[in-house]
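Engineer: Just to be clear, the model below is a prediction. Sequence and coordinates:
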Amino acid sequence: MSVLWFSWAERAAIVGLAAALDRIVGDPWGWPHPVQAIGQAITWGSQSIFRFKLSPLGERSLGVMLGLGVILGSGAVGWGMVRLSGMVHPVVGIGCEVVLLASCFAGRSLRRAAEDVLAPLELGDISLARERLALYVGRDTASLDEPEILRAVLETVSENATDGVMAPLFYALVGALLPLGSVPVALAYKAASTLDSMVGYREAPYTYMGWFSARFEDALTWLPCRLTVLTIALLSGRPQQVWHLCRRDASADPSPNAGWSECTYAAALGVQLGGRNVYRGQVKEKPLLGDAVVPITGDRILAALTLTRHGFLLWTGLGVAVIAGLGMLGQG
């Protein structure tokens with residue numbers, strides 16, 4: 001059996017084990033997480049840029065440097081950690097890879113967040129549901145009624161299904177086919193996604209400094225988002241109808257990816273997303289996505305999470321099979 005076969009088999013096993021670890025354990029509360037370190041680096045970098053009080057061009061230039069530095073730095077740190085742990089012992093190296101890669105997947109965390117808000121709703125405690133929802137969304141939650149809380153949860157679940165679950169898996173599989181391996185590539189994408197969520201806004205003060213982070217993340221997410229749309233459409237059992245509704249509604253959203261991700265779940269579940277949201281006291285109207293065949297309920301949200309889990313398992317299975325197949329070809 002060739003060395004190449006062991007390399008491919010190892011990479012397939014790492015992706016499979018990381019997916020299983022996220023499914024079983026997720027991100028335990030209170031444990032250190034790579035995104036925390038990435039977020040601290042972004043906070044320090046962005047505050048440093050603001051202190052210079054630069055022109056728009058200057059802010060944009062340093063914003064590009066910040067984005068590239070955080071993205072490439074995250075990948076490099078991940079690569080270094082894997083290399084150093086592997087020098088201690090190969091098993092330690094594999095364990096480090098599995099844990100780091102699992103931290104890039106947010107499937108379990110996404111389900112936990114949704115259930116955290118749904119639990120008090122089921123007991124009729126809307127005040128507690130609003131408080132918990134505020135931990136996960138950017139919109140104002142203090143005056144939301146139950147239908148609006150449910151819509152907010154489903155919009156969060158459907159948007160983050162792409163950039164929090166499926167896209168990191170996509171880049172983990174891409175990385176497994178490259179000399180770098182899964183961890184550096186997946187961590188680099190996670191850094192890009194974190195940059196977008198923290199500084200990728202059109203509003204002040206991030207208009208210029210966050211310009212690169214927002215557009216770069218949009219470009220990285222474009223392909224995995226479309227693949228996610230196709231996957232959810234197939235899993236829904238009504239692919240033509242889902243695709244038709246996405247083509248009709250998704251492009252109305254200003255984001256090139258969020259609208260598609262939310263719309264495919266809305267169409268698959270027979271609900272409608274979008275509408276009036278309030279952010280820091282300012283009203284924003286989001287385009288309506290899908291048709292309101294049925295109302296949004298807790299069961300619809302759980303069904304969305306199930307679709308994401310099935311899509312994740314499908315991609316993992318196919319990806320691991322391809323990687324292992326390459327190993328068998330190399331063996332021959």
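Structural biologist: Right, received. Where do you want to start? Residues are numbered from 1 along each chain as shown.
Engineer: Okay, Gly274 and Gly290: tell me how far apart.
Structural biologist: Look at Gly274 and Gly290: by Cβ to Cβ, to the nearest Å, they are 8 Å apart. Placement of C-beta: from N, CA and C, glycine included.
Engineer: out of these two, which sits in the busier spot?
Structural biologist: Neighbour tally, Gly274 and Gly290, criterion other Cβ atoms under 10 Å: the higher count belongs to Gly290, 24 against 20.
Engineer: correct me, but that one touches Gly259?
Structural biologist: No - contact between Gly290 and Gly259 fails when scored by Cβ atoms under 8 Å: they sit 10.8 Å apart.
Engineer: what is in contact with the two at once?
Structural biologist: By Cβ atoms under 8 Å, 6 or more residues apart in numbering, Gly290 and Gly259 have these common neighbours: Asp249.
Engineer: other SSEs contacting the helix or strand hosting Met328?
Structural biologist: In this structure, Met328 is located in helix 298-331 according to DSSP states H and E. For helix 298-331, the elements it packs on are helix 3-24, helix 107-122, helix 146-160, helix 167-176, helix 211-236, helix 258-269, judged by 3 or more Cβ pairs under 8 Å, 6 or more residues apart in numbering; DSSP states H and E.
Engineer: And for Arg23, the neighbour number?
Structural biologist: 17.
Engineer: Let me know the distance separating the closest residue to Arg139 other than its chain neighbours from Val283.
Structural biologist: When the adjacent residues along the chain are set aside, Arg139 lies closest to Asn277, with 4.7 Å between them (Cβ to Cβ, 6 or more residues apart in numbering). Distance from Asn277 to Val283, counting by Cβ to Cβ: 8 Å.
Engineer: And these two? Which one has more around it.
Structural biologist: More neighbours sit around Asn277 than around the other of Asn277 and Val283, counting by other Cβ under 10 Å; the figures are 19 against 9.
Engineer: Pretty sure Lys284 is one of the things the more buried one touches, is it not?
Structural biologist: Yes - counting by Cβ under 8 Å, Asn277 sits close enough to Lys284 to count as a contact (5.3 Å).
Engineer: In stretch 143-159, which residues are buried?
Structural biologist: Across stretch 143-159, burial judged by 16 or more other Cβ atoms under 10 Å covers 144, 148-159.
Engineer: List the contacts of it.
Structural biologist: Residues from elsewhere that reach stretch 143-159 (Cβ under 8 Å, 6+ apart): 110, 113-114, 117-118, 121, 126, 129-130, 133, 136-137, 139, 141, 258, 261-262, 264-266, 269, 271, 273-275, 278, 295-298, 300-301, 304-305, 308.
Engineer: got it, and stretch 40-58?
Structural biologist: Taking contacts as Cβ under 8 Å, 6+ apart, the residues outside stretch 40-58 that touch it are 59, 62-63, 66, 69-70, 73, 194-195, 198-199, 205-209.
Engineer: Burial check on the closest residue to Gly63 other than its chain neighbours, number of neighbours?
Structural biologist: Of all residues beyond its chain neighbours, the one nearest Gly63 is Met209 (4.0 Å), with distances taken as Cβ to Cβ, 6+ apart. By the criterion of other Cβ under 10 Å, Met209 has 27 neighbours.
Engineer: Also Leu230?
Structural biologist: As a measure of burial, Leu230 has 16 neighbours, counting by other Cβ under 10 Å.
Engineer: How about Ala142?
Structural biologist: Using other Cβ under 10 Å, Ala142 has 9 other residues around it.
Engineer: quick one: secondary structure of it?
Structural biologist: Three-state assignment for Ala142 (DSSP: H, G, I helix; E, B strand; the rest coil): coil.
Engineer: Check what pLDDT the closest residue to it other than its chain neighbours gets.
Structural biologist: Counting by Cβ to Cβ, 6+ apart, the nearest residue to Ala142 once its immediate chain neighbours are dropped is Arg130, at 6.2 Å. If you check Arg130, the pLDDT there is 97.
Engineer: what angle do the helix or strand Arg130 falls within and helix 107-122 make?
Structural biologist: The secondary structure element spanning Arg130 is helix 126-133 (assigned by DSSP H and E). Here helix 126-133 runs at an angle of 160 degrees relative to helix 107-122 (axes from the mean of the first three to the mean of the last three Cα atoms, to 10 degrees).
Engineer: and helix 126-133, what does it pack onto?
Structural biologist: In this structure, helix 126-133 packs against helix 107-122, helix 146-160, with contacts taken as 3+ Cβ pairs under 8 Å, 6+ apart.
Engineer: List the contacts of it.
Structural biologist: Residues outside helix 126-133 that contact it (Cβ under 8 Å, 6+ apart) are 116-118, 120-121, 141-142, 144-146, 149, 152-153.
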